[in-house]
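Asker: what's the 3D shape of this:
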Amino acid sequence: MTPDGSPADLPSSHSGSVVAALTAATSAAQAAVEHAQTVADQLLGLSVLSLRQQGYNDRFIADRLRVSTERIREAPRAVSMLTEPADDQLRADVKQRWDQARQALTWVQEERAQYSRDIVRLYDIDAVESRPLSVDAMDLPAAEFVNRETSERFLVYSLQRWKGVPTRTPGVWSGRGSFTLDFLTPAGERMTVPAQDWLGLDPTATEFTSDAGNSGSDEAFDRIVVAFRRRYGALPCHVEAAGLQLTYRHSQ
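Answerer: Below is the predicted model of the structure:
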């Protein structure tokens, strides 16, 4: 050792391996920090998009999330659908954190029912009024919310397609339809409930026509689901929240 404590006689090969090991450890730590920051940025963006969808403005969101309004405006731009294979771990980590937030709420939106036919089958709902439309053809979106504390459930589904149901005239559809709102007790008793009493919506808010194509049914579904989330406190699943960037990317 030299007077200042330096290993003057340490072989260069040893010195190189030490430096390489420390460099690798430092790089790994830095990558972990960057990964964690990316996850945090994605979560903030998802939060902003979800709250914007529920009708809250950026000033309100900034106040509640305790970040600057400027950061709220920028946050949605960081959101990505993360569909590339290289994004698998990042997507899994973001979804895990997002689901933790969703599961901490009283009402949680389930992910197993994407289409109305899923609800019809899960709960053995009588669809005789929609004949000759088959259950397989009931492809409008659906939502299922469950109360973690009471096991009560709230269902949103339609027994029609975006253009209604077939009429007796071949190739002609009714051109109108509606979404049904069902409440299930913990014992499994199911009852249809009015939109005005449960969601504060006008009764016609659940109805749609085919005049504007399938956007009519999509808008009706969105009105119902957003009203439920805002009134009872619920968040969309990760994929849906990320998809909100297409509509709610800009400041509100």
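
Asker: give me the low-pLDDT residue ranges for the stretch 151-252 of the chain?
Answerer: Counting by pLDDT under 70, the stretch 151-252 of the chain contains low-confidence residues at 252.

Asker: helices of that one, start to end?
Answerer: Across the stretch 151-252 of the chain, reading from the start of the chain, the helices by DSSP state H, counting those that start in this stretch fall at 195-199, 215-232, 238-243, 245-248.

Asker: residue contacts, Ser68?
Answerer: With contact taken as CB atoms under 8 Å, 6 or more residues apart in numbering, Ser68 is in contact with Ala62. Placement of C-beta: from N, CA and C, glycine included.

Asker: can you pull the pLDDT of the nearest residue to Arg59 once chain neighbours are set aside?
Answerer: Closest residue to Arg59 apart from its sequence neighbours, by CB to CB, 6 or more residues apart in numbering: Thr69 at 6.0 Å. Per-residue confidence (pLDDT) for Thr69: 94.

Asker: next one: Pro3
Answerer: With respect to pLDDT, Pro3 has a value of 56.

Asker: picking that back up, which one of the helices of the stretch 151-252 of the chain lies closest to Gln42?
Answerer: For Gln42, the closest of the helices of the stretch 151-252 of the chain is helix 238-243, at 8.3 Å, according to CB to CB.

Asker: angle of the top helix by length along the chain against helix 215-232?
Answerer: As far as residue count goes, and with DSSP state H defining each element, the longest helix of the chain is helix 12-53. Comparing the axes of helix 12-53 and helix 215-232 via axes from the mean of the first three to the mean of the last three CA atoms, to 10 degrees yields an angle of 100 degrees.

Asker: still on that earlier bit, for Arg52, find the nearest of the helices of the stretch 151-252 of the chain.
Answerer: Comparing the helices of the stretch 151-252 of the chain by CB to CB, helix 245-248 comes nearest, at 4.2 Å.

Asker: who does that closest one touch, helix- and strand-wise?
Answerer: In terms of contacts (3 or more CB pairs under 8 Å, 6 or more residues apart in numbering; DSSP states H and E), helix 245-248 is packed against helix 12-53.

Asker: tell me which helix or strand comes right after the helix it packs on.
Answerer: helix 58-65 (DSSP states H and E).

Asker: quick one: that following helix to helix 12-53, angle?
Answerer: 130 degrees.

Asker: and helix 58-65, what does it pack against?
Answerer: For helix 58-65, where contacts count as 3+ CB pairs under 8 Å, 6+ apart, the packed elements are helix 12-53, helix 69-74.

Asker: put the alpha carbons of that helix into PDB.
Answerer: Once non-C-alpha atoms are left out, helix 58-65 reads as follows in PDB (Å, rounded to 0.1, in the frame of the first residue of the first chain):
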ATOM      1  CA  ASP A  58     -57.600  20.600 -14.500                       C
ATOM      2  CA  ARG A  59     -57.500  23.100 -11.700                       C
ATOM      3  CA  PHE A  60     -59.600  20.800  -9.500                       C
ATOM      4  CA  ILE A  61     -57.500  17.700 -10.500                       C
ATOM      5  CA  ALA A  62     -54.200  19.600  -9.700                       C
ATOM      6  CA  ASP A  63     -55.500  20.600  -6.300                       C
ATOM      7  CA  ARG A  64     -56.600  17.100  -5.400                       C
ATOM      8  CA  LEU A  65     -53.500  15.300  -6.700                       C
END
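
Asker: give the buried residues for that helix.
Answerer: Asp58, Ile61, Ala62 (16 or more other CB atoms under 10 Å).

Asker: that one - what's its average pLDDT?
Answerer: In this model, helix 58-65 carries a mean pLDDT of 96.
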